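**Q** Output the structure for:
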Amino acid sequence: MLKEFKEFAFKGNLVDMAVGIIIGGAFATVVKSLVSDVFMPPLGQVLGKVDFTKMKYVLQEGVAEVKNAAGEVTTAAVPEVAVNYGAFITELISFLMLALVVFIVIKKVLGAMQKKEEEAPAEPPKQEVLLEEIRDLLKKS
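**A** All right, here's what the predicted structure looks like:
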């Protein structure tokens, strides 16, 4: 069973897939940073100095801890409840950019694979080769 697992785990396709997943995860991080740190600030400036990280719809205001004169807490802190649609817009743009890049890469890889298939001459079937040999022998006699 251990031998079968080794064969499975170290097959070329499995290792290639693992490398692809790791590189894909790292690439997604880079694209996310590119969108949130490079594209969104200028886009916010163009749209009227909008900060997408602060765009939200508040459902319930947060309350800070309130203390009385004796220093006792009278009201506990309540966190703000909000729909952060600005963060969602940033993530959506990030996803669309990542999807576009993956689409382009896959299209290029498939295009290269098709060119290799076209370049390789197809071998004729064995029957055809055998018939050609018989024809050539008949011509000689």
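
**Q** what ranges do the helices span in this structure?
**A** Along the chain, the stretches classed as helices by DSSP state H are 2-9, 12-33, 40-46, 85-119, 126-140.

**Q** what about the third one, average pLDDT?
**A** Throughout helix 40-46, pLDDT has a mean value of 85.

**Q** so which of the helices of the chain comes closest to residue 52?
**A** helix 85-119 (4.0 Å; CB to CB). Bear in mind the C-beta positions are built from the backbone N, C-alpha and C, glycine included.

**Q** so what does that closest one touch, helix or strand wise?
**A** The contact analysis (3 or more CB pairs under 8 Å, 6 or more residues apart in numbering; DSSP states H and E) places helix 85-119 against helix 12-33.

**Q** Can you get me the centre-to-centre distance for the helix it packs on and its chain?
**A** 8 Å (CA atoms, centre = their mean, to the nearest Å).

**Q** now stretch 52-65
**A** 31 Å.

**Q** can you redo the helices of the chain as CSV with distance to residue 55?
**A** Shown next, in CSV, are the helices of the chain (distance: least, CB to CB, whole Å):
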stretch, distance to residue 55
helix 2-9, 46
helix 12-33, 18
helix 40-46, 9
helix 85-119, 3
helix 126-140, 68
